[in-house]
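1. got a sequence here, can you model it:
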Amino acid sequence: MTLIHVRFTTAALFAAAALVSSHCHAAPAVVPAGTWLTEDGRARVRTEPCGSDATRLCGFIVWGSKPLDENGKPKVDRYNPDPAKQARPQLGHQMLLGLRTNSDGRFEGKIYNAEDGKSYDVTVWSDQSATLTVKGCMLVFCASQAWKRVADVAHGQLQGATDAAGGPRSDPEWAAKGAVTGSVPARRAPPTDGSPTRVK
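-> Residues are numbered from 1 along each chain as shown. Below is the predicted model:
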């Protein structure tokens, strides 16, 4: 093979790769919107587009198997590092904190754990409409869970739209454009039947 042929072949490969890459980046990411039962069955998490331009992914606790503390009162976010949030109920709090798409078309960012008040690195994606894969990492240690899509409504589950009566509450930085946290929302609850929601 001549040097000219090698250079031509290499250039062609780079051009093809660039073309494929441009098509990949042009396609909108599919947001895994819906309500999911966690792998241990202790909570249901509702995921939906969020942020001022609705290009992020947020998730909210809309049901818990044990919503009350040892005194029979609703559990609160007592370990939150922000004192202003320590009295808020755990039910309805934001768990997935505005995840953004990565080069693989998956959503990555931080997941908040109210049980210890800490946030961890997380990557979320859905290869099948009925399953959401959640991969959490702490330093170099990672573990994955498979959350199952649910369409029914459990007793005590929040059903209202985010930031509306009977719905979960956004952290202020992830509220929809034009919405006031805890007031009338600018978005509706996502579908639970697996219908895709796309981020442009």
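2. what's the neighbour count on the closest residue to residue 88 other than its chain neighbours?
-> Using CB to CB, 6 or more residues apart in numbering and skipping residues adjacent in sequence, the residue nearest residue 88 is residue 77, 5.1 Å away. Bear in mind the C-beta positions are built from the backbone N, C-alpha and C, glycine included. Using other CB atoms under 10 Å, residue 77 is surrounded by 17 other residues.
3. in contact with residue 77, which residues are there?
-> Residue 77 makes contact with 85-90, 93, 114, 117 under the criterion CB atoms under 8 Å, 6 or more residues apart in numbering.
4. of the residues you listed - the most surrounded one?
-> Going by other CB under 10 Å, residue 114 tops the contacts of residue 77 with 22 neighbours.
5. that residue touches residue 93, doesn't it?
-> Yes: using CB atoms under 8 Å, residue 114 is in contact with residue 93, at 6.3 Å.
6. ok, then the element right after the longest strand along the chain?
-> Longest strand in the chain by number of residues (criterion: DSSP state E): strand 118-128. Per DSSP states H and E, the first helix or strand lying C-terminal to strand 118-128 is strand 131-138.
7. sheet partners, orientation included, of whichever helix or strand comes after that next one?
-> Where DSSP H and E defines the elements, the next helix or strand beyond strand 131-138 is strand 141-149. Using DSSP bridges, the strands paired with strand 141-149 are strand 34-37 (antiparallel), strand 131-138 (antiparallel).
8. least reliable of the ones you listed by average pLDDT, please.
-> Looking at these, the lowest mean pLDDT belongs to strand 131-138 (a mean of 94).
9. related to what we said a few turns ago, of all the strands paired with strand 141-149, which one is nearest residue 164?
-> Nearest to residue 164 among the strands paired with strand 141-149 is strand 34-37 (15.9 Å), distances taken as CB to CB.
10. next SSE downstream of the closest one?
-> Next along from strand 34-37, by DSSP H and E: strand 43-50.
11. right, and the helix or strand after that next one?
-> Taking DSSP H and E as the definition, the helix or strand right after strand 43-50 is strand 56-64.
12. mean confidence score for that next one?
-> Across strand 56-64, the average pLDDT comes to 97.
13. try stretch 166-174
-> In the prediction, stretch 166-174 has an average pLDDT of 92.
14. put the alpha carbons of it into PDB.
-> C-alpha atoms of stretch 166-174 as PDB (Å, rounded to 0.1, in the frame of the first residue of the first chain):
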ATOM      1  CA  GLY A 166     -50.200  17.100  45.900                       C
ATOM      2  CA  GLY A 167     -46.900  16.900  43.900                       C
ATOM      3  CA  PRO A 168     -43.200  16.800  44.700                       C
ATOM      4  CA  ARG A 169     -41.000  20.000  45.100                       C
ATOM      5  CA  SER A 170     -38.100  21.200  43.000                       C
ATOM      6  CA  ASP A 171     -35.000  22.500  44.500                       C
ATOM      7  CA  PRO A 172     -35.100  26.200  43.400                       C
ATOM      8  CA  GLU A 173     -32.200  25.900  40.900                       C
ATOM      9  CA  TRP A 174     -34.000  23.200  38.900                       C
END
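15. off-centre distance for it?
-> Its chain's average C-alpha position is 13 Å from that of stretch 166-174, according to CA atoms, centre = their mean, to the nearest Å.
16. having no further points to raise, I will conclude here.
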